[in-house]
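**Student:** Provided below are the primary sequence and the corresponding predicted coordinates.
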Amino acid sequence: MTERSEVPLILRVQDVRKSFGGIRAVDDCSLAVSPQSVTGLIGPNGAGKSTLFNLIAGLYRPDGGEIWFGDTRIDGLPPFEIVHLGLTKTWQIPHELRNMTVLENLVLGSKHNAGEHLTNLFFQPGLVRRDEKRWRQRAREVLRLTQLDALANEHAKALSGGQKKLLELARALMTDPTLVLLDEPVAGVNPTLAGNLMDLIEKLRRDGRTFFLIEHDMNVVMNRCDRVIVMHQGRTIADGTPASVKANPVVIESYLGG
């Protein structure tokens, strides 16, 4: 077992590697995220950011290294087990169920739903009905929180791009996560809605959740994140406050430009 840091961490990635063919997308990458923080992950296209998120979320299995979520080593676990532990991920391109309503999208995103088990449908239909009612109530609470309640009965395909990003976050919140990985949450979103989304993330952070986000919008990164981690060619090259990262000559040369 790897020696543990005395600093309280909610996520720790240590010497993680992942190759596709002859290309090493993540190359001995190490980083850490503190609880109840908003941490940004930046870097040029092809730096390995999305691959790293997929490794953390269990969508890829690393070729080497370790990933710890709290006191649990999660590299190699299937995605549903990682979600049940309290870590979930949103997508850069929303994965809404287009022909279902916004409310139905959220109810299907709940975890530990009695209706997921076929035997309950036949032998405990009352339990399934009560559980569905409870989850629908929870979904409406999340929709109010994300300001999507007026669209509860709209089909998800009718939402705007920004509303679909909010729906992605709302679906993630239905799993009651401790840590949320956000893949470019404001990409393609108009400035007003992007501001509202980041305000919501800040509120959720104050309520105890942790956010680790990939983002190319430097205004969001520098003004909304507590810490910024920079990846380049599959590795971490800088980690610190937004001001220190912005002034780092290595970061300026490899990513931000003069």
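**Tutor:** Nice, I can see it. Numbering: from 1, shown residues only.
**Student:** pLDDT score for residue 159?
**Tutor:** Reported pLDDT at residue 159 in the predicted model: 92.
**Student:** surely it meets residue 152?
**Tutor:** No: contact between residue 159 and residue 152 fails when scored by CB atoms under 8 Å: they sit 11.5 Å apart. C-beta coordinates here come from the backbone N, C-alpha and C atoms, glycine included.
**Student:** which SS class is the residue sitting nearest the centre point of the chain?
**Tutor:** The centroid of the chain falls nearest to residue 181 when counting by CA atoms, centre = their mean (1.7 Å). Three-state assignment for residue 181 (DSSP: H, G, I helix; E, B strand; the rest coil): strand.
**Student:** lowest confidence element among the helices and strands of the protein?
**Tutor:** helix 118-123 (a mean of 46; mean pLDDT, DSSP states H and E).
**Student:** more neighbours: which of residue 159 and residue 152?
**Tutor:** Neighbour comparison, residue 159 and residue 152: the larger count goes to residue 159, with 20 against 17 (by other CB atoms under 10 Å).
**Student:** now for the more buried one: which residues touch it?
**Tutor:** 96, 102, 151, 167 (CB atoms under 8 Å, 6 or more residues apart in numbering).
**Student:** for the second one, give me its contacts.
**Tutor:** Neighbouring residues of residue 102 by CB under 8 Å, 6+ apart: 143, 148, 151-156, 159, 167.
**Student:** low-confidence ranges in the stretch 151-258 of the chain?
**Tutor:** Residues of the stretch 151-258 of the chain that meet the criterion pLDDT under 70 lie in 256-258.
**Student:** which parts of it are helices?
**Tutor:** For the stretch 151-258 of the chain, applying DSSP state H, counting those that start in this stretch gives helices covering 161-173, 191-206, 218-224, 242-247, 249-251.
**Student:** and of these, who's closest to residue 231?
**Tutor:** Closest to residue 231 of the helices of the stretch 151-258 of the chain, according to CB to CB: helix 249-251, at 10.5 Å.
**Student:** chain center to the closest one: distance?
**Tutor:** Centre-to-centre, helix 249-251 and its host chain are 27 Å apart (CA atoms, centre = their mean, to the nearest Å).
**Student:** top of the contacts of residue 102 by number of neighbours, please.
**Tutor:** For the contacts of residue 102, neighbours tallied by other CB under 10 Å; top is residue 167, 25 neighbours.
**Student:** would you mind measuring from residue 71 to residue 195?
**Tutor:** Going from residue 71 to residue 195 by CB to CB, to the nearest Å gives 36 Å.
**Student:** looking at the two, which is more packed in?
**Tutor:** When neighbours are counted by other CB under 10 Å, residue 71 and residue 195 differ, and residue 195 comes out ahead with 14 against 7.
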